[in-house]
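**Q** kindly return the folded structure for what I paste below:
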Amino acid sequence: MNYPMAVKLSKRDAHSAELMGADTVALLEMRGVRPRLENERQSRVDANIHGFKAEFAVARLFGVDTPVVNVCSDGGVDLWIDDISVDVKLSNKPDGPLIFDSADSFAAMCAVMVGRTEDPDEFLINGCATKALFLRKHYKHDFGYGERLVMDVKDLQPIEWLWRRAMERRFQ
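**A** As a prediction, this is how the structure comes out:
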């Protein structure tokens, strides 16, 4: 059984995420790029803010460097846990699935699935998956904007699994 871990952001981290989310969209607009919005229920700024908040939650949980604003691309890597690259994925649901556009878009060594809660500064760290696990357990689904690769939360490794792998790598 996989149990999510709740992480509440500090006011400072929440504030930083809000600034970074707004700055990311502003930078794109200054470059003449119209940020894509596939979810009509929230603005692109809001989506970026929530994404940065999720990244802060995972960074704080693992005690690693917090996220940064990337002007062009993050290359599919949001955080580093020592030498393990991590792509933090956020669902607007507490237990939403892990979604990638394609197998190629899973560029990090591990993806961490985070869910939103009713509290805008509290997040559920639902678990993680390596690319190999994701490719074994995913299925295809069209949410209304093209087919995506999806993995249910129940199939994720518990977040403790990632901590253990990071510590094994650190001390071997």
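
**Q** need the helix or strand of this protein with the lowest average pLDDT.
**A** Every helix and strand in the chain was compared by mean pLDDT, DSSP states H and E; the lowest is helix 11-30, with a mean of 90.

**Q** chain center to the next helix or strand after that one: distance?
**A** Helices and strands here follow DSSP states H and E; after helix 11-30, the next one along the chain is helix 44-62. The chain centroid and the centroid of helix 44-62 are separated by 7 Å under Cα atoms, centre = their mean, to the nearest Å.

**Q** residues of helix 44-62 that come out buried?
**A** Residues of helix 44-62 classed as buried: 44-59, 61-62 (neighbour count, 16 or more other Cβ atoms under 10 Å). The way it works is simple: take the backbone N, C-alpha and C, and place the C-beta from them, glycine included.

**Q** same check, this time on stretch 7-17
**A** Buried residues in stretch 7-17 (16+ other Cβ under 10 Å): 7, 9, 13-14, 16-17.

**Q** what are the contacting residues of stretch 21-33?
**A** Outside stretch 21-33, the residues that touch it by Cβ atoms under 8 Å, 6 or more residues apart in numbering are 34-35, 44-52, 69, 71.

**Q** closest one to residue 135 out of the residues you listed, please.
**A** Minimum distance to residue 135 across those is 23.3 Å, recorded for residue 51 (Cβ to Cβ).

**Q** any idea how far that closest one is from residue 70?
**A** As judged by Cβ to Cβ, to the nearest Å, residue 51 and residue 70 stand 12 Å apart.
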